[in-house]
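> below are the sequence and a predicted model; questions follow.
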Amino acid sequence: MRIGFHLTPFWSPTDRAPTAIIDEAIEVVRAVSTMGFAWVSIGHHWVSHPTVWPQPIPMLARLAPETGQMRLKTSMLLLPLLNPVDVAENVVTLDHITHGRLDLGVAIGYRERELEAAGLGRKDRVPKLEESLAIMKRLWSGEEVTHEGTYVRVSGVRLGIGPCQLPHPPLEMGAQSVGATRRAARLVDTVFFGPQVAWADIGHLVDVYREARGANGSGTAIASRSLIIGPSKEAAHAAARTYLERTFTMYRTWQMQEPSMVQLQLGFDKSLDDWTINGTPADCRATIERAHALGLDGIGLTIYSLPRGPRARIEYLQMIAEELVRPAAALGR
């Protein structure tokens, strides 16, 4: 079982200058790079005020020399918002900057404000994602591409730089529904379940993914999970409550829940045990073992109980590495 961590909590609190926020994250990631985490990941949103979301491609390029052997992930790049030729070019460049340690996670997005900024509506998300991914794969193959599509038109184009990893960086796709899980099984080799999906739904969706893969092999199933760790469950919950409140407000304001999705965990009316990894280190290890039994191959941690200050964060991540990451590695795939 591989364990990585997500950078979203590193941007909080937002009472520091953006330069300081980014510099502190770089300092922490540099220190954490030898602790045994499998990857570091970063999300993608536009026009996110009052929350802070540094953009993934430049941020990962800056982190590349600080990360040792850790892999770097976009988790998730909202592909329908972007021009796929531009994404293909940026990804191959970043793949070389990282010396082949890049994983490209993509998703369809859900915020109306972002879609509007890209000239799209909700109905455009899936067809544009599929068209974009098909064009990107062709470009990465080195062939000359001509394409007259609904969203993209190119004639006789070829990339000047091919990817470092062949045939291209590993692709992951975000999923919070049965349909999205089946789409991931068809288009990429790794599905990445969202952080607000309950454990019970994770188990079902893993089964859906494996069945949909069919002759393409079992693929890889990863879940983003909120980590709330402390000397007791009560202390862990108290430490994370303010961050949880902000997160619930953000996702509800952004209308994350859609009818096609499984029921997302967006409030305190559901037990944290239903969807997070929480409690003492022993409690958290037991939850990770159950996640492994559900068929997950990896977990991306969003650390809701992250303390303030670079030194405190480094020490906290060291504890997580010793108490959770190393025992999880012993579980195998």
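Ah, there it is.
> from now on I want contacts and neighbour counts done on CA atoms only, so please keep to that.
Noted.
> what's in contact with stretch 163-170?
91-93, 95-96, 99-100, 102-104, 137, 140-141, 189 (CA atoms under 8 Å, 6 or more residues apart in numbering).
> try 6 Å this time
Here stretch 163-170 makes contact (CA atoms under 6 Å, 6 or more residues apart in numbering) with 92, 95, 96, 100, 103.
> is the last one in a bridge, and if so with what?
Legend: beta-bridge partners of residue 103 under DSSP bridges are residue 73.
> check the offset of the helix or strand containing residue 286 from the chain's centre.
Assigned by DSSP states H and E, residue 286 belongs to helix 281-293. Offset of helix 281-293 from its chain centre (CA atoms, centre = their mean, to the nearest Å): 20 Å.
> swap in stretch 168-175?
Chain-centre distance of stretch 168-175: 10 Å, with CA atoms, centre = their mean.
> what comes up buried for that stretch?
Going by neighbour count (16 or more other CA atoms under 10 Å), the buried part of stretch 168-175 is 168, 169, 170, 171, 172, 173, 174, 175.
> swap in stretch 101-108?
Residues 101, 102, 103, 104, 105, 106, 107, 108 are the ones in stretch 101-108 that count as buried (16+ other CA under 10 Å).
> do you know how far the last one is from residue 76?
So that's residue 108. The spacing between residue 108 and residue 76, counted by CA to CA, to the nearest Å, is 9 Å.
> what's the answer for residue 206, then?
The gap separating residue 206 from residue 76 is 19 Å, by CA to CA.
> identify the residue spatially nearest to residue 65, adjacent ones excluded.
Nearest residue to residue 65 in three dimensions, chain neighbours excluded: residue 98, at 7.4 Å (CA to CA, 6 or more residues apart in numbering).
> quick check, the one you found in contact with residue 66.
No. Between residue 98 and residue 66 there is no contact under CA atoms under 6 Å: 10.1 Å.
> more crowded one of the two?
residue 98 (23 against 18; other CA atoms under 10 Å).
> and the more buried one, what pLDDT?
We have a pLDDT of 98 for residue 98.
> likewise the one 4 residues further on?
Per-residue confidence for residue 102 comes out at a pLDDT of 98.
> thinking it is in contact with residue 74, fair?
No. Counting by CA under 6 Å, residue 102 stays clear of residue 74, with 8.3 Å between them.
> mind listing the shared neighbours of these two?
Common neighbours of residue 102 and residue 74 (CA under 6 Å, 6+ apart) do not exist.
> about what we covered before: ok, the buried residues of stretch 101-108 vs residue 133, which is closest?
Distance to residue 133, by CA to CA, is smallest for residue 106 among the buried residues of stretch 101-108, at 9.2 Å.
> ok, the closest one - contacts?
Contacts of residue 106 by CA under 6 Å, 6+ apart are 76, 77, 78, 79, 173.
> please redo it, this time with the cut-off set to 10 Å
Contacts were defined as CA atoms under 10 Å, 6 or more residues apart in numbering; by that measure residue 106 touches 43-44, 73-80, 129, 133, 171-175, 184, 188, 191-192.
> quick revisit: can I get the contacts of stretch 163-170 in CSV with secondary structure and distance to residue 221?
As requested, those are exported to CSV (DSSP: H, G, I helix; E, B strand; the rest coil; distance: CA to CA, whole Å):
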residue, secondary structure, distance to residue 221
92, helix, 24
95, helix, 22
96, helix, 26
100, coil, 21
103, strand, 14
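> need the max-distance pair from those residues.
Using CA to CA, the two most remote members of the contacts of stretch 163-170 are 96 and 103, lying 12.1 Å apart.
> and the strands in this structure?
2-6, 39-42, 71-78, 102-107, 145-148, 153-157, 171-175, 190-193, 220-229, 277-279, 298-303 (DSSP state E).
> picking that back up, the residue nearest to residue 65 against residue 57, yeah?
No. The criterion here is CA atoms under 10 Å, and residue 98 misses it with residue 57 at 11.4 Å.
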